[in-house]
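**Q** Show me the folded form of this:
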Amino acid sequence: MSFPRLAAIIVIVGLLQAAVAQATETATCTFDTFTAPTGYSLTVVNGITDDGTVVGQLLDTSTGQYLAFTYSASGVFTKYTAPASLMTWLYGGNASGTNAGSYQQSKYPGSMHGFLLQGSQFTAVNHPNATNTWLFDVNQLGAAVGSFSSSPSLVKGFLLVNGKYTTIAHSGAQMTYAQAINNNGLIAGFYVEAGISHGFTWQNGAFTAIDYPKDKYGTNLVGVNDSGVIAGNYMDGDWTLGFIYDGGVFKKIVYSGTGVKYTLAGGINNNGVVSGQVIYGGGKSLGYTALCK
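**A** Prediction:
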């Protein structure tokens, strides 16, 4: 059972507050793009740290192996495969160089496991009451967020602080994913109810709904910085589009070019730089970082 972060787009603890955002426009973005190393393709581009390091997943086109990567602001790829794993992802990280990720074990039945990675130091993170654990982000204080499940039909989120797990589960939802956490403890993610995903933020037990206006097909939030600016994606029919959300305004992220089908957001850092992926109709894919206003 695997769960790439952006692929989840396709697929009340406390009182749910009314959605506060209505206005939409298009962001003004300055893009820098990058391609996968020779012999690899970009599967997914996820979060970005304050020093500009982007994380995600690559496919080795010669072996079919899925492995995690970091991509530095100076253009250096570093590849990583978790021990005894079939697939490995990195999703987010903090300014101290600690990255959060997940891997699917190679041994049947291929359960999911979370981990923290700092340099070569690997630390397993597994929810004590779960068959599957996904770890999505870690902040500068070491607080981590992710999701867990013991059944494919029910997934809940969690906050992990000093070894203590706090469950984050939206009432009535089949799935709740805690995707990102900033240094103020604000968590962003999404839940799935009746097959539709809905964005939310969560702090101290309280949910706030954040859904892209008039979006019938689903919203998910993938990143939040210390200023409270959120990065996410929404589905518009056959199209999946990234956005930033700031001060009650949604701004679409649009990469212009012939043949571009999707512009996806993967995360946002404290400098306001968004990471993500540009996907062309023919399957070509570019990673990007972009300062969007």
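**Q** now the strands for the stretch 1-150 of the chain?
**A** Assigned by DSSP state E, counting those that start in this stretch, the strands in the stretch 1-150 of the chain fall at 23-26, 29-34, 40-48, 54-60, 66-71, 77-80, 85-93, 98-105, 112-118, 121-125, 132-138, 144-151.
**Q** tell me which strands and helices the fourth one is in contact with?
**A** This points to strand 54-60. Counting contacts by 3 or more Cβ pairs under 8 Å, 6 or more residues apart in numbering; DSSP states H and E, strand 54-60 packs against strand 40-48, strand 66-71, strand 85-93, strand 285-292. (Each C-beta comes from the backbone N, C-alpha and C, glycine too.)
**Q** Show me what that strand pairs with in its sheet, parallel or antiparallel.
**A** The pairing partners recorded for strand 54-60 under DSSP bridges are strand 40-48 (antiparallel), strand 66-71 (antiparallel).
**Q** Val161: which of those strands is closest?
**A** strand 40-48 (19.4 Å; Cβ to Cβ).
**Q** what comes up buried for the helix or strand where Ala188 lies?
**A** Using DSSP states H and E, Ala188 sits in strand 187-193. When neighbours are counted by 16 or more other Cβ atoms under 10 Å, the buried residues of strand 187-193 are found to be 187-192.
**Q** Same question for the following helix or strand past that strand: list its buried residues.
**A** Sequence order places strand 196-203 as the next helix or strand after strand 187-193, per DSSP H and E. By neighbour count, with 16+ other Cβ under 10 Å as the criterion, the buried positions of strand 196-203 are 197-203.
**Q** Same question for stretch 99-115.
**A** Buried residues in stretch 99-115 (16+ other Cβ under 10 Å): 99-105, 111-115.
**Q** Just name the closest of those to Ser149, please.
**A** Ranked by distance to Ser149 (Cβ to Cβ), the buried residues of stretch 99-115 are led by Met112 at 8.4 Å.
**Q** The nearest residue to the closest one once chain neighbours are set aside: what's it in contact with?
**A** Leaving aside its sequence neighbours, Met112 sits nearest to Asn132 (Cβ to Cβ, 6 or more residues apart in numbering; 4.0 Å). Listed by Cβ atoms under 8 Å, 6 or more residues apart in numbering, the contact set of Asn132 reads 1, 111-113, 148-150.
**Q** got TSV for the buried residues of strand 196-203, with distance to Pro213 and pLDDT too?
**A** As requested, the buried residues of strand 196-203 are exported to TSV (distance: Cβ to Cβ, whole Å; pLDDT from 0 to 100):
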residue	distance to Pro213	pLDDT
Ser197	15	95
His198	13	96
Gly199	12	98
Phe200	16	98
Thr201	17	98
Trp202	21	98
Gln203	23	97
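**Q** State the mean pLDDT of stretch 92-111.
**A** For stretch 92-111, mean pLDDT is 95.
**Q** In the stretch 151-293 of the chain, where is pLDDT below threshold?
**A** Low-confidence segments of the stretch 151-293 of the chain (pLDDT under 70): 238.
**Q** which residues of it fall in strands?
**A** Using DSSP E, counting those that start in this stretch, strands in the stretch 151-293 of the chain cover 154-161, 164-168, 175-181, 187-193, 196-203, 206-209, 219-224, 230-236, 239-246, 249-253, 260-268, 273-280, 285-292.
**Q** Apart from its chain neighbours, what residue comes closest to His170?
**A** Per Cβ to Cβ, 6+ apart, closest to His170 is Tyr191, 4.0 Å.
**Q** bridging residues for the one you found?
**A** Thr176, His198.
**Q** Check Thr26 too.
**A** On the basis of DSSP bridges, Thr26 takes part in beta bridges with Lys252.
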